[in-house]
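J.: quick one, fold the following:
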Amino acid sequence: MSIIDLETGDQPIANEDGSIVADCLPHEIASRKKRGLQAPTTAWLRQPLPEFAADLLSESSLRRKGYFDAAGVRRLLAEHQSSRDTWTYELFAALSLQLRDEIFLQGNRPWAAQTARTFCGSAILDCQRQGHWEASRREEKA
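T.: So this is what the prediction gives:
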């Protein structure tokens with residue numbers, strides 16, 4: 001796979017070792033092994049949860065779906081949010097299963113629809129303001 005400059009269509013000139021940006025980075029970064037990107041899930045679960053997550057991890061939702069002991073999950077969340085303990089994997093697993101149930105078994109996707117409308121609507125407005133929308137429509141017709 002080669003990297004192409006999207007602006008010019010040119011392929012960048014690589015160093016002898018095949019690296020492209022090594023000259024632009026500090027040696028300790030350019031020479032270290034690759035590592036995966038880790039989401040800040042622990043910190044995210046310690047903050048006030050977004051409405052959809054709070055709803056899915058509420059005692060009533062946990063009881064209604066019945067996958068987990070509601071009191072146990074609520075205890076883990078309280079311990080995690082107060083930094084008494086770290087329950088990232090357990091809480092994220094519970095949230096993921098609750099969300100999958102809501103979307104795929106219940107067919108309820110209000111958060112996804114609202115997020116998509118908000119994102120797509122603002123993206124279209126930005127394109128219209130910058131004139132990209134009309135230009136791309138003209139290209140499609142040509």
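
J.: quick one: what helix or strand has Thr8 in it?
T.: Thr8 belongs to no helix or strand when assigned by DSSP states H and E.

J.: where does Ser122 land on pLDDT?
T.: On the pLDDT scale, Ser122 is placed at 47.

J.: check the one 4 residues further on too.
T.: In this model, Asp126 is scored at 47, pLDDT.

J.: Leu97 in helix, strand or coil?
T.: The three-state assignment at Leu97 reads helix, by DSSP: H, G, I helix; E, B strand; the rest coil.

J.: residue contacts, it?
T.: With contacts taken as Cβ atoms under 8 Å, 6 or more residues apart in numbering, Leu97 has the following neighbours: 67-68. (C-beta placed from N, C-alpha, C; glycine too.)

J.: now it: how far from Arg84?
T.: For Leu97, the distance to Arg84 (Cβ to Cβ, to the nearest Å) stands at 24 Å.

J.: kindly state the domain boundaries assigned to this protein.
T.: Per automatic domain parsing, the domain ranges recorded for the chain read 41-110, 111-142.

J.: rank those by mean pLDDT and give me the bottom one.
T.: Minimum mean pLDDT among those: domain 111-142, a mean of 48.

J.: tell me how many other residues surround the closest residue to Glu79 other than its chain neighbours.
T.: Excluding the flanking residues, the one nearest Glu79 by Cβ to Cβ, 6 or more residues apart in numbering is Asp85, at 4.4 Å. For Asp85, the tally of surrounding residues (other Cβ atoms under 10 Å) stands at 10.
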